[in-house]
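Asks: Need coordinates for the following:
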Amino acid sequence: MKLKDKKIEILAVTHTQDPEGYSIETLTPISPPMWAYFRQLSGKEVYAAMSVQATEEVQFAINWRDDITTRHIVRYKNVDYDITRVDTFEGYKNDLTLYAKRRA
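Replies: All right, here's what the predicted structure looks like:
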């Protein structure tokens, strides 16, 4: 059992249009903040076109929920992460592991 001692938010992405017709992305929480286990998987810096771009992959373990998909976003310490994979661990309904990549 992993220690779930970090608070995260799960956000849903919605797109609306402003009066000029441009798409506006809005992030809306789907539940109150929840406890999670957090682990850094990898991080690397890519030097391209005279700038540094950092990619960061992380893992979150939360209590079981059946409404989280790769369309959602995790917010942890005011940093947003795109969920890349949802692992149900052989179908047991105890924990849910979310693999995520830091949003650009």
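
Asks: Any figure for the gap between the residue sitting nearest the centre point of the chain and Val86?
Replies: The C-alpha lying nearest the average C-alpha coordinate of the chain belongs to Val74 (CA atoms, centre = their mean; 2.8 Å). Distance, Val74 to Val86, by CB to CB, to the nearest Å: 11 Å. Any C-beta I mention is one placed from the backbone N, CA and C, and that applies to glycine too.

Asks: what sits in contact with each of these two?
Replies: Common neighbours of Val74 and Val86 are listed as Leu98 (criterion: CB atoms under 8 Å, 6 or more residues apart in numbering).

Asks: For Ala36, give the beta-bridge partners.
Replies: Lys6 (DSSP bridges).

Asks: I misspoke; the intended subject was Ile83.
Replies: With DSSP bridges as the rule, Ile83 is bridged to Ala100.

Asks: Just give me the neighbour total for it.
Replies: Counted with other CB atoms under 10 Å, residues neighbouring Ile83 total 18.

Asks: for it, what are its contacts?
Replies: Taking CB under 8 Å, 6+ apart, one finds 68-74, 98-100 in contact with Ile83.

Asks: Mind checking which of those are buried?
Replies: Those of the contacts of Ile83 that meet the buried threshold are 68, 72-74, 98-100, by 16 or more other CB atoms under 10 Å.

Asks: hang on, the earlier thing: thinking the residue nearest to the centre of the chain is in contact with Leu11, fair?
Replies: Yes: contact criterion CB atoms under 8 Å: Val74 and Leu11 qualify, at 7.5 Å.

Asks: Now the common contact residues for those two.
Replies: Going by CB under 8 Å, 6+ apart, residues that sit against Val74 and also against Leu11 are Asp80.

Asks: what about the helices in the protein?
Replies: Assigned by DSSP state H, the chain shows no helices.

Asks: pLDDT weak spots in it?
Replies: 1, 43-54 (pLDDT under 70).

Asks: which stretches of it form strands?
Replies: Assigned by DSSP state E, the chain shows strands spanning 6-17, 23-29, 34-48, 51-63, 73-76, 79-87, 95-102.

Asks: Give the other helices and strands that the second one contacts.
Replies: Right, strand 23-29. On a contact count with 3 or more CB pairs under 8 Å, 6 or more residues apart in numbering; DSSP states H and E, strand 23-29 meets strand 6-17.

Asks: Alright, that wraps it up for me.
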